[in-house]
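Participant: here is a sequence together with a model predicted from it:
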Amino acid sequence: MTSDLVEVRAGVYHDSVSLMRISQALSSRPGVTVAVVAMATELNLGLAREVGFEIPETGPSDLLVAIRADSDAALKDGAEELDRQFAALARGGGSGGAHAESPPRTTRAAARAWDASLALVSVPGEHAFAEAMDAIDAGLSVMIFSDNIPVEQEVLLKERASERGVLVMGPDCGTAVVGGAGLGFANVLRPGRVGVVAASGTGAQQVTCLLDHAGAGVSHVLGVGGRDLSAAVGGRSTLVALAALDADPATELIVLISKPPAPEVAEVVRRAVEGLATPVVTALLGPGQDDLTSAAEKALRALGLDVPEWPSWPVPQRAAPSAELSGLYSGGTLCTEARIIAGSGAFTDFGDDEYTRGRAHPMIDPTLRLEALGRASGVALLDVVLGHAAEPDPSARLAPAVREACERGTAVVVALVGTESDPQGMRRQADALVTAGASVFTSNAAAARHAASLIGSAL
Amino acid sequence: MLDGEPRVITAGAAVLAEALDQQAVPRLGVDWRPPLPGTSAALAKVLADPARQRANEVAVGRLLSARPQLVGVRPARDVLDLPERTFFHAGPPIDWERASGPMRGALIGAALFEGLAADAEEAERLLVSGSVKLDSCHHHRTVGPMAGVVSPSMWMFEVVDGEHGGTAYCSLNEGLGKVLRYGAYGPEVVERLRWMGEVLGPVLAGALAVSGPMDLRSLIAQALQMGDELHNRNRAATSLMVREIAPAIVEASPEHAAAVLRFINGNDHFFLNAGMAAGKVSADAARDVPGSSLVVAMARNGTDFGIQVSGLGDRWFTGPAGVPDGLYLGAYGPDDANPDIGDSTITETSGLGGFAMAAAPAIVRFVGGDVSDAIAATRSMYEITLAEHPAYQIPGLGFRGTPTGIDLALIARTGQLPVVNTGIAGRVAGTGQVGAGLVSPPAEAFTSALAALADT
């Protein structure tokens, strides 16, 4: 047997949506089969009559309640729910207009919502173009940490950036310092007069850390990406970066570090350099050319500063006459430099794509490198790069592995790239590694020469 | 470039964002997520098209600058390419075989109204036989709410774009409940259509001839500030329309004025159809810009949800229409609901409806709760739109322009689908409206269009 409740509340008004919600809430109560809570318009009256309710005389400014339940108890429960619903309606639902904005979903939306000065893009390479283009279109310079970006996309981004008068750092740009902010893997460097333009991340880190050891600070460090001076890209970012540093009052000397550029690009860059008011020290890396340490030394001489003894902590080491040299690197440029200087040995760049697919960069996650060190015999040469975003305490895991290697008779040589102000503390890391038995050098070139001397290699 | 304190937007690795936080560098993080599955290659190609940005600026510029004016009310047979025994319908093209209940009901009703059949059974046989030709409203500068069926004897709002010169049409709104557009075809439905053709249409035509064109752009702008979002709430716009045209109705047709004004006044959605024609004429202005990824039509026929894109001509890209999530009239419930239907998504396409939800706190419970949800819905649409409308503004958001101009590429990148407000039709032919609520479009309509754009 069913029970009906039909009620007309004269002069009570609620909007139809609120009322539909109440009808819905009532209908979902156990035992309630039909619930119509609505303004008594012709339409709603018709609907109520259709399902068999007896409706008294009423009009559109009245509120109609019609509930049917399969027992008196269920009907009573429905009526109580109705009262609760109306009470809630009277209190006013919700939190009003002060709704916190949800975070932007694209760089484009972020740039519209906030007055930014630059963007740092590190999404997977196949998706980085969209975010970087958003930044450029919004008039922002952008650092693209992501790698695996097709060269055609790089050219498009840099063409658009030139039109907009902004700088694209990268792609595959590991480090930058802009206005004191370290982006990507960035060392804590003293502020100063040197502006750096560099194709590579760890190369720039080595040079600026050595300058820091010598008391010379940097104004900005601008990465341009490893392909910028290729014929395809045409040095677009290098030219923008040079012009920006030239216009920067804090920059008194520009250091340009790169692999030898494509010949036609070299000419363009040479002419641009000649047109600058700020002196430029150019260091070209490669066999028979500059190494990173000599680049830093050239800069110091141009600044009129003395070149110091680069800090190092060699320990007595020797290797068996037929020992092999293994280079276990996290920085690509450091790895190439060490391979050229050592002249022989098996070098692995653990920062290369084939080792980073599906895992973090070795400067963040050292697992693979530590495993390789565990297998190394003869002489092991490795880099440890400090700074923001790098492992918070690299020696915590590395020192025990070094000790184990030394106990096996393996000589371990470390190139330690960092400053005393870095979060990890250069001295503390050096002490831990030296105590474990490694020779530690702040110059990668010096470390490579030391390692080569241990296996009796030329140089 | 190097001046001033760095303020950094970060998109990607958390460790790099945290490094900035440790340096106390002011930072805004992007809540980046991978794009919709299967869109990476097409996105890369579309985004790399150097012409795309300019094309989108042109297209959305036209959408924003359109000045829709209601200039007349005329019989469909006089203004549309609509021969006898041809009906237009909402959404992408569909045949009787695949048509849903309310679409079939409305087609039956139109056949009865046109006198092509004596009863529903005969009308159905006629429609099954294919001797009545069907075509999509959108192919004929026309839009129709819900089933959107247009037959030669129906009277149409005629809206002209004062900026670009286009023209668009939409039928006159019948009111709520058992009406043709919701698939009802009973005697009262056909009777009402007849009265609309004999009295309502001619009276409105006469009134507009007296009053001159009605500026719909400014009327919509005012209605937004009075709590309408112009899709599920048209109360303010209808009131403004009545206020503007009432004197002319009385002057032009004193003998019918009371009946006509009472009819309009009894239907809070009377303005919807004029607003839809305004949306259609504005969106049509943005059509056919090569390379543009701007969506110029979203429409449903009760079976398929389809879109058209500025750079892709008249091609439709479709997916299955979803069942709206909403609130139900009387004793109806979700089991009574038909999948999404109607051309009224032209409102969302032109920056209104669900996109302007924050302007309409009175109906926010449709979005499942409170005012903050409505604000969140509108805010999320800024993520997928190219511009903010200069005239259509939302007081509660500091008079920010409504999010306008849906971009395929932004939908693929964010996975954020357009928020669509809608009425809900009963699934059985002849039922009528059963509720109203929100519906989510099928992602494949957008991803297949993006793939096609990448291939152009």
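Facilitator: Perfect, thanks for sending it. Numbering: from 1, shown residues only, chains lettered A, B, ... in the order given.

Participant: close to chain A, is the top strand by length along chain B?
Facilitator: Ordering each strand of chain B by length in residues (DSSP state E) puts strand B:385-394 first. No: Strand B:385-394 lies apart from chain A when judged by Cβ under 8 Å from any Cβ of the partner chain; the minimum separation is 9.1 Å. C-beta coordinates here come from the backbone N, C-alpha and C atoms, glycine included.

Participant: what does that strand rub up against?
Facilitator: Applying Cβ atoms under 8 Å, 6 or more residues apart in numbering or on different chains, the contact partners of strand B:385-394 are B:56-57, B:60, B:63-64, B:217-218, B:220-221, B:224-225, B:294, B:351-352, B:355-356, B:358-359, B:378, B:382, B:399-407, B:410.

Participant: and the helices in the stretch 101-250 of chain A, which stretches?
Facilitator: With DSSP state H, counting those that start in this stretch, the ranges of helices along the stretch 101-250 of chain A come out as A:107-113, A:125-137, A:151-164, A:201-213, A:236-247.

Participant: returning to what we had before: averaged pLDDT, the longest strand of chain B. What do you get?
Facilitator: Confidence for strand B:385-394, expressed as mean pLDDT, is 96.

Participant: over to stretch B:219-232?
Facilitator: Per-residue pLDDT over stretch B:219-232 has a mean of 96.

Participant: report the buried residues of it.
Facilitator: For stretch B:219-232, the neighbour count (16 or more other Cβ atoms under 10 Å in any protein chain shown) marks B:219-221, B:223-224, B:226-232 as buried.

Participant: low-confidence ranges in the stretch 251-400 of chain A?
Facilitator: Along the stretch 251-400 of chain A, the model assigns pLDDT under 70 to residues A:357-359.

Participant: in the stretch 351-456 of chain B, which residue sits nearest chain A?
Facilitator: For the stretch 351-456 of chain B, the residue closest to chain A is B:Asp370, as judged by Cβ to the nearest Cβ, at 2.1 Å.

Participant: what's the pLDDT at residue 77?
Facilitator: I went with chain A, as the question did not name one. So A:Asp77 comes in at 92 (pLDDT).

Participant: could you do chain B instead?
Facilitator: Note for B:Arg77: predicted pLDDT of 96.

Participant: quick one: residues contacting the most centrally placed residue in chain A.
Facilitator: Closest to where the C-alpha atoms of chain A average out (Cα atoms, centre = their mean) is A:Ser122, at 4.4 Å. Residues in contact with A:Ser122 (Cβ under 8 Å, 6+ apart) are A:128, A:144-146, A:184, B:10-13, B:16.

Participant: can you put those residues in CSV and add pLDDT?
Facilitator: Listed next are the contacts of A:Ser122 as CSV, based on pLDDT from 0 to 100:
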residue, pLDDT
A:Ala128, 95
A:Ile144, 97
A:Phe145, 94
A:Ser146, 91
A:Gly184, 94
B:Thr10, 96
B:Ala11, 95
B:Gly12, 89
B:Ala13, 86
B:Leu16, 91
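
Participant: what is the nearest of these to A:Leu5?
Facilitator: The closest of the contacts of A:Ser122 to A:Leu5 turns out to be B:Ala11 (Cβ to Cβ; 57.1 Å).

Participant: how about that closest one, nearest residue that isn't a chain neighbour?
Facilitator: Using Cβ to Cβ, 6 or more residues apart in numbering or on different chains and skipping residues adjacent in sequence, the residue nearest B:Ala11 is B:Val30, 3.9 Å away.

Participant: and the pLDDT for that neighbour?
Facilitator: So, for B:Val30, pLDDT stands at 94.

Participant: got the phi/psi numbers for it?
Facilitator: Main-chain torsions, B:Val30, degrees, to the nearest 10: phi -90, psi 130.

Participant: these two touch, right, it and A:Thr106?
Facilitator: Yes: the pair B:Val30 / A:Thr106 is scored as a contact, 6.4 Å apart, by Cβ atoms under 8 Å.

Participant: list residues touching both of these two?
Facilitator: Joint contacts of B:Val30 and A:Thr106 (Cβ under 8 Å, 6+ apart) are A:131, B:11.

Participant: where does residue 447 land on pLDDT?
Facilitator: With no chain named, the answer covers chain A. 98.

Participant: sorry, I should have been clearer: chain B.
Facilitator: Reported pLDDT for B:Thr447: 97.

Participant: so it touches B:Gly38, yeah?
Facilitator: Yes: B:Thr447 is within contact range of B:Gly38, at 6.3 Å (criterion: Cβ under 8 Å).

Participant: and the residue of the stretch 351-456 of chain B closest to chain A, how many residues sit next to it?
Facilitator: B:Asp370 is flanked by 19 other residues according to other Cβ atoms under 10 Å in any protein chain shown.

Participant: and what of A:Val151?
Facilitator: Residue neighbour count, defined by other Cβ under 10 Å, stands at 12 for A:Val151.

Participant: how about the contacts made by the nearest residue to A:Ser377 once chain neighbours are set aside?
Facilitator: Spatial nearest neighbour of A:Ser377, excluding adjacent residues (Cβ to Cβ, 6+ apart): A:Thr410 at 5.5 Å. Contacts for A:Thr410 were tallied using Cβ under 8 Å, 6+ apart; they are A:376-380.

Participant: which stretches in the stretch 51-200 of chain A count as strands?
Facilitator: Read by DSSP state E, counting those that start in this stretch, the stretch 51-200 of chain A holds these strands, from start to end of the chain: A:63-69, A:118-121, A:141-144, A:168-169, A:175-178, A:181-184, A:191-198.

Participant: returning to what we had before: and B:Thr447 and B:Gly38? which has more neighbours close in?
Facilitator: Using other Cβ under 10 Å, the more surrounded residue of B:Thr447 and B:Gly38 is B:Thr447, with 22 against 15.

Participant: now do the same contact list for the closest residue in space to A:Ala283 that isn't next to it in sequence.
Facilitator: The shortest distance from A:Ala283 to any residue other than its chain neighbours is 3.2 Å, reached at A:Ala295 (Cβ to Cβ, 6+ apart). With contact set as Cβ under 8 Å, 6+ apart, A:Ala295 has these partners: A:207, A:255, A:257, A:281, A:283, A:285.

Participant: contact residues of the stretch 251-400 of chain A facing chain B?
Facilitator: Neighbours of chain B within the stretch 251-400 of chain A, by Cβ under 8 Å from any Cβ: A:360, A:364, A:388-389.

Participant: can we see that at 6 Å?
Facilitator: Applying Cβ under 6 Å from any Cβ of the partner chain, we find that the stretch 251-400 of chain A lies next to chain B at A:388-389.

Participant: relative to chain A, how far out is the closest residue to B:Gly311 other than its chain neighbours?
Facilitator: Spatial nearest neighbour of B:Gly311, excluding adjacent residues (Cβ to Cβ, 6+ apart): B:Ser292 at 4.3 Å. Taking Cβ to the nearest Cβ, to the nearest Å as the measure, B:Ser292 falls 16 Å from chain A.
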